[in-house]
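>>> the sequence and its predicted three-dimensional model are supplied below.
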Amino acid sequence: MLILGIDTSCDDTSASVVGKGKEILSNIVSTQEGIHKKYGGIVPELASRRHIEMIWPVVSEALLEAQITLADLSAIAVCHGPGLIGSLLVGCSFAKAVSYADRIPLVAVNHLEGHIFSCFLESHVDEEYPLISQGPPEFPFLSLIVSGGHTSLYHVCGFGNYKELGRTRDDAAGEAFDKVSKLLGLGYPGGPVIESLAQHGDPEAVEFPRAYLPDSLDFSFSGLKTAVANYLRNDDRGERGGLSDICAGFQKAVADVLVRKTEWAVRKERVKRVVLAGGVASNGALRDRFLSLAGEGKLEAWIPPRSLCTDNAAMIASAGYQHFQAGKTVGMDLNPEAYLPL
Ligand code: KG4
Ligand code: ZN
């Protein structure tokens, strides 16, 4: 069973062909980083225009690489939210048109559900960071989704059965990376550049605050971002605290909170299987921390390769497979939604 996944929720145009919800036959991602970089963040109007230009070339390439035609598809899975409404509209309109014209069943996937199901995809072992646990996790499991728009912990009991344990009360973790990067004059997206500078820094040189919010599994990262801004305004920083040290200290503060909250959730829910997902899950320091926890036997970790953590359509096809199996197809009245709870 072949599913074509489509994701245009933010600034990447992506299409992927996935077999049986797990075999990646193609996964094409056309990034818009070059377009938005100079603005220090995503410009929604530019994003949707670029999606219009790229959607058909990206889908064609996905089909070509998978060596199939539209006639071979069992279904099309499209992300219908949450995300930028103009961007989502392009993917949904395109998917509906193809579904109608070629009579291919259509399923609608929540972007966060896609991130959760990224761990069901078979992947070649990541050379740098091998998957600790191979194959899909059994239900129930916990999922920590850390991306540019979301930072949430879910208890996943099965397909369609998600209990939110906590979420960010202000900035998402990836948003904090992006905003701090802007403060440091490092451009967008912030995660990769902060990670690479942090590798040369001392994470203990600058101590930034951690908002642990006792008795809650919610997160808060806006105070941390303000602390970095205040630190940069302070003139007598002395020898320590160069750019690399600031990046390392900030990155460690984010990872400390994510790790501790996950440990709390494991104890509270009595579930040891943990899936790390979303763009920030491609951060090496964070991945290392989860691998250490797994090594200490505190949890079992599922960490997809970096390319499946950042936005991609294979994860949408993987979740879409579950929808299709459950008979949850949608019609031509499908509309995208910028705010779409899981
Ligand atoms: O999941 P994603 O690709 O898109 C959303 O659904 O938001 O996540 C994008 C976010 C951005 O904020 C980006 O700065 C962050 O993930 N990110 C990283 C890294 N790579 C991407 N954050 C930390 N370290 C990274 N290596
Ligand atoms: Zn995402």
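Nice, thanks for sending it over. Residues are numbered from 1 along each chain as shown. Ligands and ions are numbered 1, 2, ... in the order given.
>>> where does D12 fall, phi/psi-wise?
phi -120, psi 130 (degrees, to the nearest 10).
>>> model confidence for the closest residue to it other than its chain neighbours, exactly?
In this structure, D12 finds its nearest non-sequential neighbour in D311, 4.8 Å apart by C-beta to C-beta, 6 or more residues apart in numbering. The C-beta positions use only the backbone N, C-alpha and C, and glycine is treated the same way. Note for D311: predicted pLDDT of 96.
>>> for the protein, which residues are neighbours of ligand 1?
10, 147-149, 174-175, 177-178, 189-192, 195, 278-280, 282-283, 310-311 (C-beta under 6 Å from any ligand atom).
>>> change it to 8 Å
9-10, 12, 83, 111, 115, 146-150, 172-175, 177-178, 181, 188-192, 194-195, 251, 254, 277-280, 282-284, 286, 306, 309-311 (C-beta under 8 Å from any ligand atom).
>>> which of those are buried?
Listed as buried from those are 9-10, 12, 83, 111, 115, 146-150, 172-175, 177-178, 181, 188-192, 194-195, 251, 254, 277-280, 282-283, 286, 306, 309-311; burial here means 16 or more other C-beta atoms under 10 Å.
>>> next, the residues that contact stretch 214-226 from outside, please.
151, 153, 165-173, 175-176, 179-180, 183, 208-211, 213, 250, 253-254, 257-258, 261, 264-265, 268 (C-beta atoms under 8 Å, 6 or more residues apart in numbering).
>>> mark which of the residues you listed are part of strands, please.
Counting by DSSP state E, the part of those found in strands is 151, 153, 165-167.
>>> and those residues, which two are furthest apart?
T151 and L165 (11.9 Å; C-beta to C-beta).
>>> those two - which one has more neighbours?
The residue with more neighbours, out of T151 and L165, is T151; 30 against 21, by other C-beta atoms under 10 Å.
>>> give the bridge partners for the more buried one, please.
For T151, the beta-bridge partners are V146 (DSSP bridges).
>>> that one contacts I145, correct?
Yes - T151 lies in contact with I145 (C-beta atoms under 8 Å); the separation is 7.1 Å.
>>> next, show the common contact partners of the two.
G278.
>>> now do the buried residues in stretch 241-256.
Buried residues in stretch 241-256, defined by neighbour count with 16+ other C-beta under 10 Å: 241-242, 244-255.
>>> for these, which one is nearest K328?
Comparing these against K328 with C-beta to C-beta picks out V254 as the nearest, at 35.5 Å.
>>> for that closest one, which non-adjacent residue is spatially closest?
A173 (5.6 Å).
>>> hmm, V146 and that neighbour touching each other?
Yes - between A173 and V146 there is a contact at 4.6 Å, judged by C-beta under 8 Å.
>>> what's the one helix or strand C157 maps to packed up against?
According to DSSP states H and E, C157 maps onto strand 151-158. With contacts taken as 3 or more C-beta pairs under 8 Å, 6 or more residues apart in numbering; DSSP states H and E, strand 151-158 sits against helix 111-117, strand 141-146, strand 161-167, helix 243-269.
>>> now name the helix or strand holding the residue nearest to D12.
If you go by DSSP H and E, D311 is not part of any helix or strand.
>>> once you drop chain neighbours, what's closest to the residue of the stretch 101-250 of the chain found nearest ligand 1?
Relative to ligand 1, the nearest point of the stretch 101-250 of the chain is G191 (2.0 Å; C-beta to the nearest ligand atom). With C-beta to C-beta, 6+ apart as the criterion, G191 has its nearest non-adjacent residue at 4.4 Å, and that residue is F177.
>>> can you tell me which residues contact the one you found?
189-191, 194, 254, 280 are the contacts of F177 under C-beta under 8 Å, 6+ apart.
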